[in-house]
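Visitor: Please find the sequence and the predicted model below.
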Amino acid sequence: AAALPWVEMIPMTAKNQRLTMEPNRKHQRYQRIREQLLELLTVTEDRTARMASIVALLHHKIDYFSWTGFYRLIDGKLLVGPYQGFLACQNLKKDTGVCWAAVNQKKTIVVPDVNKFPGHIPCDGRSKSEIVVPCNNEQGDVFAVLDVDSSDYSSFDDVDARELENIVKLL
């Protein structure tokens with residue numbers, strides 16, 4: 001994901017230093033997760049079951065993920081799907097927030113500070129940064145988004161974006 005003009009990078013603090021994992025090491029972690037998913041997802045073709053497995057594995061394997069879930073695009077609404085973390089918003093207001101931005105722009109959105117994102121929907125006040133990855137069907141239409149929050153600022157980078165994009169292709 002390219003740098004966005006309305007966000008500024010958050011200075012490194014002791015609290016979010018653990019997030020500065022060397023990119024190759026982070027890539028390797030995602031590769032191990034993807035390998036596990038390739039095996040797990042052979043059990044069923046059901047998309048919801050696959051979403052649940054993806055969310056559970058990601059949420060418990062990556063320590064800076066505080067909320068991990070899917071929002072499904074159903075009849076023009078973004079409705080919560082399988083997730084791990086604190087209670088979620090069930091229906092996201094149309095064309096508002098990071099998830100809708102990812103749907104409308106059909107691209108991954110990385111937000112270092114959610115409080116600076118125009119129209120951010122604060123489902124959980126502990127969320128400080130966010131990444132949203134659109135999930136496309138065979139025709140290229142968005143059917144869902146993978147939404148991941150962190151309780152630290154600037155948690156997500158290009159490695160997260162690229163690797164999560166590869167993971168949602170498994171759906």
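Guide: Structure received. Residues are numbered from 1 along each chain as shown.
Visitor: where do the strands sit along this protein?
Guide: Using DSSP state E, the strands of the chain run over 67-74, 77-84, 91-92, 109-111, 129-136, 142-150.
Visitor: And the shortest one, what does it pack against?
Guide: Counting contacts by 3 or more Cβ pairs under 8 Å, 6 or more residues apart in numbering; DSSP states H and E, strand 91-92 is packed against strand 77-84. All C-beta spots, glycine's among them, are computed from the backbone N, C-alpha and C.
Visitor: Within the sheet, what are the partner strands of the least confident helix or strand in the chain by mean pLDDT, with directions?
Guide: Ranked by mean pLDDT, DSSP states H and E, the helix or strand of the chain with the weakest confidence is strand 91-92, at a mean of 90. Partners of strand 91-92 in the sheet, by DSSP bridges, are strand 77-84 (antiparallel).
Visitor: in the partner strand, what's buried?
Guide: The neighbour-count check on strand 77-84 (16 or more other Cβ atoms under 10 Å) flags 78, 80-84 as buried.
Visitor: tilt between it and strand 67-74?
Guide: 150 degrees (axes from the mean of the first three to the mean of the last three Cα atoms, to 10 degrees).
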